[in-house]
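Colleague: Got a sequence here, can you build the structure:
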Amino acid sequence: CFTCGIHGDVFALTEQLKKCDFSEALVWLAKRYDFRLPSRRDDSIRRARNARLGGLETALTIYRSQTQEEVASFQQWASSRGFQPDFLTSADVFFARGNKLVSSVGAEDQETLECLVEAGLAYKGSWREVQGSSGPLPMLLPPRDLFSTPRMIFTLRDADREVVGFAGRATGDDLPKYLFSQDFPRSKTLYRLDKVKNVLRDYRTTARESRPPAFDLFVVEGLMDAVRLESLGEQAVAILGSKLAPPQVELILSLAKEADALGMRLVCHLFLDSDDAGRRGTLASLPLLLTAAARGVGFGLDVISVPETEQGRKHDPDDLLRGAVPARATGFLANNCVSVMEVLVISKLGTSIAHLDKAMAEASASLQVSIFRDVERILVEPGWLRVLDRNGPFERWLKKEPPLGLSGWRLGLDSFLRRAASPTRSEERRVGKEC
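Modeller: Presented below is the predicted three-dimensional model:
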């Protein structure tokens, strides 16, 4: 003020007018102008997040720095699994000796060690009682890695290529076979989605008429399954479990929107393991995918189901496709592609794809209606009508031959679901429940 000579900022002015200290002035101004002040908890969360991100980036730098012994072990493992080492390196897959992170940082660098702990990749040093000659003695155990034994390290990224964790696969008989960094958001992550999105975005630079009508995506369980299909020229993501989680379905729906904006239709091929867990996961994942496809831009969906006669002792895509060249892999996948409806009916009838049509033809009318009703109950919202009209659940999308067309039990199931989803039937059911 040029009159009285008082000067200061808005906080000093508020302190003078309200006769309060700085912290009280800060709170008053925040309320006056509807501004949310960060709490101490917010600050601690922010610091922890920054430390976690710093730890993950530090770990990636250390893993990328390979010793001659690690390079030799990496190449030997890649060769034994039928991968080109350069391909695995491009996917940020590495070999790491036990306790590589902590031994590379050193016990004196406490700040970096703390970041690795926040990243879920290391454990702090801890006091333990050990038995000495004169009795129990306290001993400070040094910090150690989460991956304390030699492992293959897989870098886990989100859709925006930010590192969100690491997975360590045992190279020997160590258990567990797979270890994931602590607090890794597994249910919100699709492994290699960042790479798939880059491939899709590359189509932005091509003429619209040169783009393929469909963008094929294989949805598999494990890390090795995804990299195996990728090595064969296919686009694949791993759900890191035996069934899809709702956040992962949303990621697939987002990818479908990107493909649609480029004039392409996303087609998901669900290729989970052929064991009991994989079959249960397939049946649990299909309703989630069908619902998402029906309420979103829509995407094609089918299942890769390998008959037991072709499996031998092999259950997962990595084993089934190991040693295959791209052309042979493409044929194998197409030959074992079945429609969503075929999978659902098989699960109710208890038969195989080879005997499905015969079994349904011989089934009584009451059994067929019972199966149709079981299929109808799988979807609640948005209902089968949108799925039938938009998502081709009877299609085998990888087949090069013309679509099977609707006849026999397929036509009967389609008609049943359409009648069941009609507004009249829906109203009848609603009134019946009210009565």
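Colleague: quick one: low-confidence parts of the stretch 101-250 of the chain?
Modeller: For the stretch 101-250 of the chain, the stretches flagged by pLDDT under 70 are 107-108, 125-141.
Colleague: what residues are up against the residue nearest to the spatial centre of the chain?
Modeller: Closest residue to the average C-alpha location of the chain: residue 190 at 2.3 Å, with CA atoms, centre = their mean. Residue 190 makes contact with 159, 237, 238, 239, 248, 251, 252 under the criterion CB atoms under 8 Å, 6 or more residues apart in numbering. (Each C-beta comes from the backbone N, C-alpha and C, glycine too.)
Colleague: Okay, and the beta partners of the residue nearest to residue 343 when sequence neighbours are not counted?
Modeller: Of all residues not flanking residue 343 in the chain, residue 303 sits nearest, at 4.9 Å (CB to CB, 6 or more residues apart in numbering). Bridge pairing for residue 303 (DSSP bridges) gives the partners residue 270, residue 338.
Colleague: before we move on, the earlier item: got CSV for the contacts of residue 190, with secondary structure, neighbour count and distance to residue 109 too?
Modeller: Compiled in CSV, those are given as follows (DSSP: H, G, I helix; E, B strand; the rest coil; neighbours: other CB atoms under 10 Å; distance: CB to CB, whole Å):
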residue, secondary structure, neighbour count, distance to residue 109
159, coil, 15, 32
237, strand, 27, 36
238, strand, 25, 34
239, coil, 27, 36
248, helix, 24, 37
251, helix, 20, 36
252, helix, 25, 41
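Colleague: Including distance to residue 178, could the residues you listed go into JSON lines?
Modeller: Shown next, in JSON lines, are the contacts of residue 190 (distance: CB to CB, whole Å):
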{"residue": "159", "distance to residue 178": "22"}
{"residue": "237", "distance to residue 178": "17"}
{"residue": "238", "distance to residue 178": "11"}
{"residue": "239", "distance to residue 178": "13"}
{"residue": "248", "distance to residue 178": "18"}
{"residue": "251", "distance to residue 178": "21"}
{"residue": "252", "distance to residue 178": "23"}
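Colleague: With adjacent residues omitted, what lies nearest to the residue nearest to the centre of the chain?
Modeller: residue 237 (4.1 Å).
Colleague: likewise residue 75?
Modeller: In space, and not counting its chain neighbours, residue 75 is closest to residue 85: 5.1 Å by CB to CB, 6+ apart.
Colleague: Look up how far residue 94 lies from that neighbour.
Modeller: Distance, residue 85 to residue 94, using CB to CB, to the nearest Å: 11 Å.
Colleague: And residue 114, by the same measure?
Modeller: 23 Å.
Colleague: of residue 85 and residue 94, who's got more company?
Modeller: Between residue 85 and residue 94, counted using other CB atoms under 10 Å, the more crowded position is residue 94 (23 against 16).
Colleague: Does the more buried one lie in a helix or a strand, and which?
Modeller: Using DSSP states H and E, residue 94 sits within strand 93-96.
Colleague: Which secondary structure elements does that strand sit against?
Modeller: Secondary-structure packing of strand 93-96 (3 or more CB pairs under 8 Å, 6 or more residues apart in numbering; DSSP states H and E): helix 40-64, helix 68-80, strand 151-157.
Colleague: how close does residue 367 sit to residue 384?
Modeller: Relative to residue 384, residue 367 is positioned 20 Å away (CB to CB).
Colleague: higher neighbour count, those two?
Modeller: residue 384 (22 against 14).
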